[in-house]
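> my questions are about this predicted structure, shown below with the sequence.
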Amino acid sequence: MFGICRTPIDVAAVEAGMREDGIGGMVTFTGVVRERADDDRVVDGLTYESYEPMALEEFAHIAEEARGRWPGTHIAIFHRVGELRVGEIAVAVVAAAPHRAEAFAACAYAVDQLKTRAPIWKKERYADGTPGRWRSNEGPTAP
Amino acid sequence: MFGICRTPIDVAAVEAGMREDGIGGMVTFTGVVRERADDDRVVDGLTYESYEPMALEEFAHIAEEARGRWPGTHIAIFHRVGELRVGEIAVAVVAAAPHRAEAFAACAYAVDQLKTRAPIWKKERYADGTPGRWRSNEGPTAP
Amino acid sequence: MTVRIVAFARIREVLGTAERALTLPEGARARDAWAALAVESPALDALLSSTRLARNGRVVAGDEALQDGDEVALLPPAGGG
Amino acid sequence: MTVRIVAFARIREVLGTAERALTLPEGARARDAWAALAVESPALDALLSSTRLARNGRVVAGDEALQDGDEVALLPPAGGG
């Protein structure tokens, strides 16, 4: 299950959809909008956008790779786009596997890959009204 | 937040209670009753029991240790007791941290410690009606 | 002295009860409580090496001195999760 | 030939549009689309090294040959999560 959503991600519903016989451990990562940027500025919120068809394909590729490395693992990836406030869930990655070690490894792998490869972008909006800045996961970008 | 519950664990409610400013990543482990035992026998369900006051203290110790190793990390641990069916959630461990690496590490640590130290026990009930067996996490126990 | 024994999981089944009183001589230690129970329930012998004892909610060594009114818990290997 | 340019995030802001048509000479390659846009929007130059190009939803090298009707997406460094 993969999704790019404009409305809040229902993590419990995603998890419920992953539960099936043979699953023993499920690991869920939820990424939440933080109050402070990496440079400690107070954030009012984040604006996400995506190249949706390619993002969904990338999610599916990442899940397939994880399944190749940790057989029996199922992955769900949902990312929200639009204007998010502090404390809201931006991304949920769920890995379900027969045992917990694979579920942890597959979930961490999928989150790392998503942040590196998925065509999704975020702009920080600042509480002090200064112009927002696009932030990449490869380090700070010029304003 | 720590709990031993006789009714289903509301994971979403636990996660919502952990969300606060400064939290960027949250990792949730949910342990689900599997259809097959480690020796591949078909399981009808698991019966859990606990020494509740000591289990709750152990949960708190584990969370404190995780916080010592990964500062800024918050941990919630909930374990269900009583008769569970295949697919039901037996345990939920949530780790919330400023960044995801600590959340993953703290969650995996807490799950490992819980399985080793918490005074909680499980008995497998078999679909073929043969007598149930207590199973420890240190390897199979005699029937 | 009289202590309260609480037993769990397999040990509970072997003892046939989750909770009972046990009278011990003054000066008894944790291991003496176990030995007294094993006289009545010899099947406990095989479980000794894998069992932890807790006195009033804290895991203790076998030579921990007991007092009248203590709770002594018999804890099989953990199986949570 | 005419291709459709789709732009995201910072590149979208620099171009001033999320989507536009771009006419290129026959035989044009992906890098030629970028170069044509940079003539109109010189601020793109500084972004070249960090930008990936996708043709019809697949990331391609700069020498990928384009065809009439292609979609060329300009992808800044990923920022998801």
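Perfect, thanks for sending it.

> how much space between residue A:3 and chain C?
30 Å (Cβ to the nearest Cβ, to the nearest Å). All C-beta spots, glycine's among them, are computed from the backbone N, C-alpha and C.

> residues in contact with that residue?
Contacts for residue A:3 (Cβ atoms under 8 Å, 6 or more residues apart in numbering or on different chains) come out as A:9, A:56, A:77-79.

> go again using 10 Å as the cut-off
By Cβ atoms under 10 Å, 6 or more residues apart in numbering or on different chains, the contact list for residue A:3 reads A:9, A:14, A:52, A:55-56, A:59, A:76-80, A:92.

> then residue A:123?
A:45-49, A:83, A:131-135, D:9-10, D:13, D:79.

> roughly how far apart are it and chain B?
For residue A:123, the distance to chain B - Cβ to the nearest Cβ - is 17 Å.

> before we move on, which element is that residue in?
Element membership of residue A:123, judged by DSSP states H and E, is strand A:120-126.

> what's the following helix or strand after that strand?
strand A:133-135.

> got a list of what the single nearest residue of chain C relative to chain B touches?
Nearest residue of chain C to chain B, counting by Cβ to the nearest Cβ: residue C:80, 3.1 Å away. Listed by Cβ under 10 Å, 6+ apart, the contact partners of residue C:80 are B:4, B:31, B:48-50, B:55, B:58, B:77, B:79, B:81, B:90-91, B:111, B:114-122, B:136-137.

> make it 8 Å
With Cβ under 8 Å, 6+ apart, residue C:80 has these contacts: B:48, B:50, B:55, B:79, B:91, B:114-115, B:118-122, B:137.

> which SS class is it?
Three-state assignment for residue C:80 (DSSP: H, G, I helix; E, B strand; the rest coil): coil.

> distance of the nearest residue to it once chain neighbours are set aside from chain D?
Nearest residue to residue C:80, sequence neighbours excluded (Cβ to Cβ, 6 or more residues apart in numbering or on different chains): residue B:120, at 3.1 Å. According to Cβ to the nearest Cβ, residue B:120 and chain D sit 34 Å apart.

> count the neighbours of residue B:120 for me.
29 (other Cβ atoms under 10 Å in any protein chain shown).

> if I pick it, what's in contact with it?
Here residue B:120 is in contact with B:48-51, B:55, B:79, B:81, B:114, C:78-81 (Cβ under 8 Å, 6+ apart).

> ok, of the residues you listed, which one's closest to residue B:71?
residue B:114 (20.7 Å; Cβ to Cβ).

> list the helices and strands the helix or strand hosting that closest one packs on?
Using DSSP H and E, residue B:114 falls within helix B:100-117. Other helices and strands packing on helix B:100-117, by 3 or more Cβ pairs under 8 Å, 6 or more residues apart in numbering or on different chains; DSSP states H and E, are strand A:25-32, helix A:100-117, strand B:25-32, helix B:52-69, strand B:74-80, strand B:89-97.

> neighbouring strands of the first helix or strand past the third one going along the chain in the sheet, and parallel or not?
The reference is to strand B:25-32. Next helix or strand after strand B:25-32 toward the C-terminus (DSSP H and E): strand B:43-50. Strand pairing for strand B:43-50, determined by DSSP bridges: strand B:82-85 (antiparallel), strand B:120-126 (antiparallel).

> if anything else comes up later, I'll come back, but that's it for now.
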